[in-house]
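Participant: Fold the following for me, if possible:
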Amino acid sequence: MSIMEFTSRQLRAFHLVAEHQSFARAAERLFLTPSGLSVLIRELERQLGFRLFNRTTRQVALTRYGSDLLAVSRPALNALDTGMSRIEQAVKGRTRRISVGTTPWIAAHVLPLAIQQFRQQRPDLSIRLFDGNLGIIARRVAAGKLDLGLGVFGRMAGVRGVPFFRFSLMIIRPANNADFNRVSTKWSALNGETLIALTPNYPHQQLIDSQLAKSGISWKRGQTVNSLDTQIGLVEAGEGMAIIPSFGLQACRSRKVTMSELIEPLVTLEFYEISHAGKRLPEEAAEFSAFLKKYIATWAGEAGIL
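Facilitator: Numbering: from 1, shown residues only. Below is the predicted model of the structure:
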């Protein structure tokens with residue numbers, strides 16, 4: 001009697017294709033390309049010795065043997081998920097610790113106060129914070145070294161991404177510029193102004209540059225810097241203005257700058273939460289994520305920038 005060897009990843013791929021009847025949609029769930037998913041299915045079919053799906057340009061349907069495998073493997077895969085979750089929860093019950101990765105600026109200006117407030121309702125839970133660039137965070141999440149990551153992530157293999165929060169683009173000016181002390185500002189009002197920018201490797205700076213190009217206004221390029229803190233400091237010193245995401249509000253409150261939302265059009269920046277594609281998000285991590293959304297919504301709403 002021969003022993004078949006296949007991976008839980010292959011089985012998950014098979015179940016997702018069967019569920020969605022689509023290689024493209026199943027690939028999205030696993031953060032793979034359709035061709036990458038096809039390789040997993042072909043390898044599983046080769047190991048089993050029979051076809052799992054009948055595929056046409058319009059339809060993906062289970063074969064008779066594929067239906068049999070689905071019925072046989074579903075309880076086993078569910079049992080594996082339940083067992084792994086129970087073991088993970090047992091480990092978490094002892095250590096009660098989660099790990100969160102985000103960019104250095106968010107880690108310095110947003111998360112510390114959020115963690116402090118969260119600790120009041122969960123003093124038994126420790127949150128380990130990792131600050132790094134988006135690529136490193138994504139790789140650590142995919143490797144299981146971080147429970148979740150927060151930032152402007154694109155699609156990538158090995159991680160599951162869900163929208164987390166939508167931030168507005170804001171204009172900041174020196175506080176002594178009384179002419180611009182208002183809740184909102186039109187993009188057209190930036191005509192002729194000097195703008196201090198970040199280097200183009202920042203995703204939100206790419207969004208800003210794209211919108212400025214579309215706006216048709218004439219503006220002057222000021223200094224280009226590598227840090228949002230430096231950008232805010234130069235605005236405070238009167239070196240120009242800057243367009244920043246609304247998550248910069250927390251840092252701006254302690255500086256002599258004014259901040260207003262850019263409108264006509266309103267441009268937003270989508271923040272994502274990423275976690276391991278093959279695992280359920282730990283219960284404690286999901287709890288902290290939900291708290292953090294409410295925390296951000298509270299101070300953003302109070303500032304009138306939601």
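
Participant: Find the helix or strand that residue 156 is a member of.
Facilitator: Assigned by DSSP states H and E, residue 156 falls within no helix or strand.

Participant: What's the local residue count around it?
Facilitator: Using other Cβ atoms under 10 Å, the number of residues around residue 156 comes to 16. C-beta coordinates here come from the backbone N, C-alpha and C atoms, glycine included.

Participant: What backbone torsions are found at it?
Facilitator: Dihedral pair for residue 156: phi -150, psi 160, per degrees, to the nearest 10.

Participant: Helix, strand or coil: sort out residue 255 for me.
Facilitator: coil (DSSP: H, G, I helix; E, B strand; the rest coil).

Participant: Residue 121: what's it in contact with?
Facilitator: Residue 121 is in contact with residue 291, counting by Cβ atoms under 8 Å, 6 or more residues apart in numbering.

Participant: mind redoing it with 10 Å?
Facilitator: 287, 291 (Cβ atoms under 10 Å, 6 or more residues apart in numbering).

Participant: That one and residue 284, how far apart?
Facilitator: Distance of residue 121 to residue 284, given as Cβ to Cβ, to the nearest Å: 12 Å.

Participant: what are the ranges of the helices in the stretch 101-250 of the chain?
Facilitator: Ranges of helices in the stretch 101-250 of the chain, per DSSP state H, counting those that start in this stretch, are 104-109, 111-121, 134-142, 203-215, 228-236, 249-252.

Participant: Now render the ones you listed as JSON lines, adding mean pLDDT.
Facilitator: What follows is the helices of the stretch 101-250 of the chain, written out as JSON lines (pLDDT from 0 to 100):
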{"stretch": "helix 104-109", "mean pLDDT": "90"}
{"stretch": "helix 111-121", "mean pLDDT": "92"}
{"stretch": "helix 134-142", "mean pLDDT": "92"}
{"stretch": "helix 203-215", "mean pLDDT": "92"}
{"stretch": "helix 228-236", "mean pLDDT": "94"}
{"stretch": "helix 249-252", "mean pLDDT": "82"}
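
Participant: For those helices, give me a markdown table that also has distance to residue 166.
Facilitator: As requested, those are exported to a markdown table (distance: least, Cβ to Cβ, whole Å):
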| stretch | distance to residue 166 |
| --- | --- |
| helix 104-109 | 15 |
| helix 111-121 | 17 |
| helix 134-142 | 18 |
| helix 203-215 | 12 |
| helix 228-236 | 18 |
| helix 249-252 | 14 |
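
Participant: nearest to residue 8, of the ones you listed?
Facilitator: Within these, the stretch nearest residue 8 is helix 134-142; the backing value is 15.8 Å (Cβ to Cβ).

Participant: Would you mind extracting the C-alpha trace of that closest one into CSV?
Facilitator: Provided in CSV are the C-alpha atoms of helix 134-142 (Å, rounded to 0.1, in the frame of the first residue of the first chain):
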residue,chain,number,x,y,z
LEU,A,134,6.7,47.5,4.5
GLY,A,135,8.7,44.8,2.7
ILE,A,136,10.3,43.4,5.8
ILE,A,137,7.0,43.5,7.7
ALA,A,138,5.3,41.5,5.0
ARG,A,139,8.0,38.9,4.9
ARG,A,140,7.9,38.5,8.7
VAL,A,141,4.1,38.1,8.6
ALA,A,142,4.4,35.5,5.8
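
Participant: Many thanks, I have nothing further to ask.
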